[in-house]
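K.L.:
model the structure of this input:
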Amino acid sequence: MTKKLQGKVAIVTGSGQGVGKGIAMVLAREGAKVVTNNRKPKSVKTEDLSILSDEEKANYYSLSGDAESTANEIIAMGGEAFPFYGDVSDFEVSRKMIQAAIDKWGRIDILVNNAAGLGSGTLVDTTEKDWEHLTIPKLKGAFNTMKFAIPYMIDQKFGRIINVSSDAWIGLAGLAVYSAANAGLVGLSKAAAKELHQFGITVNTVCPQTASPGHILNFAIAKKKIEAILGNAKMDKEKLKAVEDAHATPDKAAPFVAYLCTNDAEYINGSVFTVTGDSRVTLYTEPDEAGTIKKDNGPWNLDELIETVPKTLLKDYVSIVKKHDW
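P.N.:
Next comes the predicted model:
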């Protein structure tokens, strides 16, 4: 390891297991002092795992952990870390966590917002409770931690904020609420990047595809639901295998997150990347206006729009529903 983050202080929310743990471990190997976090100490799992095969269940339990177990692994390899239990969607919990890092190490350089609620379901099946579970930890949690960390970063004239989203931010059928939460996080990140760049703070978004207990369970559930939606149509087995291959161990995806936290990556700001467990990194294009029509002498009438839109504004247009990818 190059110790590119020596002396930096990092907080990684949702770092008890999965990609959050992978990110915390790589940051520590690069020299960062790390506050690990999840809601509460590891307990007996109460989820219904009957949908999983025996192999999937074994992987599920092997990947489980909590903030303390991750911190202990960092300490065991010679790094510095301490766990902070608490739900970051609680405003006061987030304040106390940021303050704990300041009290311990005097600064906060890196904030990785990885805490999230996972789940899937059609819009018809989604309950109000599901909506809150999928949106509040992701969006309010990220806002809370940023709210309290940013003033210290401004004083330091340095900060690296990584918000962990999902490729679902582009909109995936059967994952509408999860898509909404992650799209909201992308918008928050882009706005924050524009607001904070003048202070030496970058804000980027990563959409990881790696193994975790949540992915194993929710991917199995999502596959079953999508199969029901498709009916007689079949999911593409090759694409399904590619998704499964991408969700390998988090240590292969986490190094790019560490790179975004270095001084060398100061020019990268407001961007969205996919990072996968098979070591693929993809940059998303930026949203841009694709075309415009304008009428100078009053409002359009419907006949004019029926005539004009297909020939000009939407020439060569193909709806996303015609090329969706399950």
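K.L.:
T274 and A253 touch, don't they?
P.N.:
No: here T274 does not reach A253: they are 9.3 Å apart, not a contact under C-beta atoms under 8 Å. Heads up, the C-betas are built off the backbone N, CA and C, glycines and all.
K.L.:
what residues are shared contacts of the two?
P.N.:
208-209 (C-beta atoms under 8 Å, 6 or more residues apart in numbering).
K.L.:
those two: who's more crowded?
P.N.:
A253 (29 against 20; other C-beta atoms under 10 Å).
K.L.:
just the helices in this protein please.
P.N.:
18-29, 54-62, 67-76, 91-105, 128-135, 141-156, 176-196, 213-230, 237-246, 254-260, 302-308 (DSSP state H).
K.L.:
ok, now how distant is V164 from E307?
P.N.:
To E307, V164 is 46 Å away according to C-beta to C-beta, to the nearest Å.
K.L.:
the two: which has the busier surroundings?
P.N.:
When neighbours are counted by other C-beta under 10 Å, V164 and E307 differ, and V164 comes out ahead with 25 against 10.
K.L.:
low-confidence ranges in this structure?
P.N.:
1, 43-64, 211-250, 323-326 (pLDDT under 70).
K.L.:
in it, which strand has the most residues?
P.N.:
Counting residues, the longest strand found in the chain (DSSP state E) is strand 201-209.
K.L.:
tell me how many other residues crowd E80.
P.N.:
Neighbours around E80, by other C-beta under 10 Å: 16.
K.L.:
ok, for it, nearest residue in space, not its chain neighbours?
P.N.:
Nearest residue to E80, sequence neighbours excluded (C-beta to C-beta, 6 or more residues apart in numbering): K33, at 4.2 Å.
K.L.:
list the contacts of the one you found.
P.N.:
Counted by C-beta under 8 Å, 6+ apart, K33 has contacts 8-10, 79-81, 104-105.
K.L.:
how about a cut-off of 7 Å?
P.N.:
Counting by C-beta atoms under 7 Å, 6 or more residues apart in numbering, K33 touches 9-10, 80-81, 105.
K.L.:
look up how far A254 lies from it.
P.N.:
Distance from K33 to A254, by C-beta to C-beta: 17 Å.
K.L.:
check I293 too.
P.N.:
Taking C-beta to C-beta, one finds I293 at 46 Å from A254.
K.L.:
neighbour count: these two, which is higher?
P.N.:
A254 (27 against 13).
K.L.:
I figured that one hits A28, correct?
P.N.:
No: the pair A254 / A28 is not scored as a contact, 10.6 Å apart, by C-beta atoms under 7 Å.
K.L.:
re earlier: do you know which of the helices of the chain lies nearest N113?
P.N.:
Smallest distance to N113 across the helices of the chain (C-beta to C-beta): 4.1 Å, for helix 141-156.
K.L.:
export the closest one as CSV, just CAs?
P.N.:
In CSV, the C-alpha atoms belonging to helix 141-156 read as follows (Å, rounded to 0.1, in the frame of the first residue of the first chain):
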residue,chain,number,x,y,z
GLY,A,141,-28.7,10.0,6.6
ALA,A,142,-26.4,11.5,3.9
PHE,A,143,-27.7,15.0,4.5
ASN,A,144,-27.3,14.7,8.2
THR,A,145,-23.7,13.6,8.2
MET,A,146,-22.8,16.2,5.5
LYS,A,147,-24.5,18.9,7.5
PHE,A,148,-22.2,18.4,10.4
ALA,A,149,-19.0,17.4,8.6
ILE,A,150,-18.9,20.2,6.0
PRO,A,151,-18.1,23.1,8.4
TYR,A,152,-14.9,21.3,9.6
MET,A,153,-13.9,20.6,6.0
ILE,A,154,-14.5,24.2,5.0
ASP,A,155,-12.2,25.3,7.9
GLN,A,156,-9.5,22.8,6.7
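K.L.:
helix 176-196 and that helix, what's the angle between them?
P.N.:
10 degrees (axes from the mean of the first three to the mean of the last three C-alpha atoms, to 10 degrees).
K.L.:
may I see the buried residues of helix 141-156?
P.N.:
141-146, 148-150, 152-153 (16 or more other C-beta atoms under 10 Å).
K.L.:
mind putting those residues into a markdown table with distance to I268?
P.N.:
Output for the buried residues of helix 141-156, formatted as a markdown table (distance: C-beta to C-beta, whole Å):
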| residue | distance to I268 |
| --- | --- |
| G141 | 23 |
| A142 | 19 |
| F143 | 22 |
| N144 | 24 |
| T145 | 21 |
| M146 | 18 |
| F148 | 24 |
| A149 | 19 |
| I150 | 18 |
| Y152 | 21 |
| M153 | 16 |
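K.L.:
about what we covered before: mind checking how far the residue nearest to E80 is from I98?
P.N.:
Distance from K33 to I98, by C-beta to C-beta: 14 Å.
K.L.:
do R29 as well
P.N.:
The value you get for R29 to I98, if C-beta to C-beta is used, is 23 Å.
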